[in-house]
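*Asks:* predicted model follows, preceded by the sequence.
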Amino acid sequence: MAPPSLSHRGRPEGVQDMAKQRDRWAELTGGQTGEEYARRFAQLAESGHDIHGEAAFCAALLKPAARILDAGCGTGRIAIRLAELGHHCTGVDVDLSMLAVARRNAPTQHWLHGDLACLDSLGLEPGFDLALAAGNVIPLLAPGTEPAVVRQLAAVLRPGGLLITGMGLDAEHLPLPEPPVSLTEFDHWCAQAGLTLRQRFATWDGDPYHQGGGYAVSVHARPID
Ligand SMILES: C[S@@+](CC[C@H](N)C(=O)[O-])C[C@H]1O[C@@H](n2cnc3c(N)ncnc32)[C@H](O)[C@@H]1O
């Protein structure tokens, strides 16, 4: 009998599924911090900070009404703003405490509970104009699932559709002691998923990115067939 195929972590494939690792966000928060997260952004807004930079960045690249997948939507901060700007947004998140806030604040919007590594099990109609993974979603995924998530996000885009990500690359820009993902790795996963890097910035305001910077906003595109 042939030996079972080994995953990249050295476990037989089925065993890896059973011993599924939690995402780094759940490790950090216990999946209970939706209200606190929302309160933090509400306080920032009250003190005059712009909390809609990500939405403004995306809206500048799209014509309404675009179809947007907010991957790791959290409390819906960005998807709700994009809907106010005339777009059709679907939010997906695995943390029910975050989704509860989104559902309460925008009950008529489309929110799905699910794991981005299994996006294809959620029955989404492909053809999205944009998949957004803002707020350090990529570095906060479960270790080892990042290439699969990038592949799943690429698969729901229409030809010409965009994947926009924002991620910290050092401890100052992450809720983690060390960056788990480098830009080189991330670009490699995107290339494997058939995406090409179109633009990269240092902030959601569009400041230029310089090699070695601590934060990157990346715009990858699915080529037009
Ligand atoms: C720091 S929060 C950012 C939330 C939102 N994007 C924002 O910017 O306000 C990171 C989010 O990624 C979500 N997340 C992490 N891994 C995930 C996965 N495998 N599937 C779905 N969501 C995930 C977490 O549950 C969490 O809500």
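*Replies:* That came in fine, so what should we check first?
*Asks:* I'd say Asp23 and Ala142 touch.
*Replies:* Yes: Asp23 lies in contact with Ala142 (Cβ atoms under 8 Å); the separation is 4.4 Å. Heads up, the C-betas are built off the backbone N, CA and C, glycines and all.
*Asks:* if you count surrounding residues, which of those two has more?
*Replies:* Per other Cβ atoms under 10 Å, whichever of Asp23 and Ala142 has more neighbours is Asp23, with 23 against 20.
*Asks:* that one and the ligand: what is the separation?
*Replies:* Plainly put, Asp23 is 4 Å away from the ligand if you go by Cβ to the nearest ligand atom, to the nearest Å.
*Asks:* also Leu169?
*Replies:* 15 Å.
*Asks:* just give me the neighbour total for that residue.
*Replies:* The local packing of Leu169 (other Cβ under 10 Å) involves 19 other residues.
*Asks:* list the contacts for it?
*Replies:* With contacts defined as Cβ atoms under 8 Å, 6 or more residues apart in numbering, Leu169 is in contact with 179, 182-183, 213-216.
*Asks:* repeat that for Gly168.
*Replies:* So Gly168 contacts 136, 139, 174, 179, 214-215 (Cβ under 8 Å, 6+ apart).
*Asks:* for it, grab phi and psi.
*Replies:* Backbone torsions for Gly168, taken as degrees, to the nearest 10, come to phi -80, psi 150.
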